[in-house]
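Q: this one's structure only:
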């Protein structure tokens, strides 16, 4: 499985923020028509992207519920700032 529920939710939230801010650009009274046209084109692409991500998330959740996919938990093994992993220095 390439994506996890968390990674998909993260991508969806990021693109929703981009959509929000791109829509703000369309409301600007000081922006040129060319700028607004470029923003509108980007909004269309982002709309397709967010729908694709939402569809992928829906499919993943359906697959998990149906038992077709089992989610894995990846443990974090952080070594920084842990004195047990520091080499002893000669004094």
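A: Perfect, thanks for sending it. Source: prediction; values computed, not measured.

Q: confidence score at the residue nearest the centre of the chain?
A: Central residue of the chain (Cα atoms, centre = their mean): residue 11, 1.4 Å from the mean position. Reported pLDDT at residue 11 in the predicted model: 97.

Q: Also residue 89?
A: 75.

Q: Near residue 81, how many other residues are there?
A: As a burial measure, residue 81 scores 7 neighbours (other Cβ atoms under 10 Å). Where C-beta positions appear, they are placed from N, C-alpha and C, glycine not excepted.

Q: Tell me the secondary structure at it.
A: Three-state call for residue 81 (DSSP: H, G, I helix; E, B strand; the rest coil): coil.

Q: again, but for the one 3 residues further on
A: For residue 84, the secondary structure call by three-state DSSP comes out as helix.

Q: Count the neighbours of it for me.
A: 5.

Q: measure it to residue 73 for me?
A: Here the criterion is Cβ to Cβ, to the nearest Å. By it, residue 84 lies 23 Å from residue 73.

Q: Check residue 33 too.
A: For residue 33, the distance to residue 73 equals 51 Å [Cβ to Cβ].
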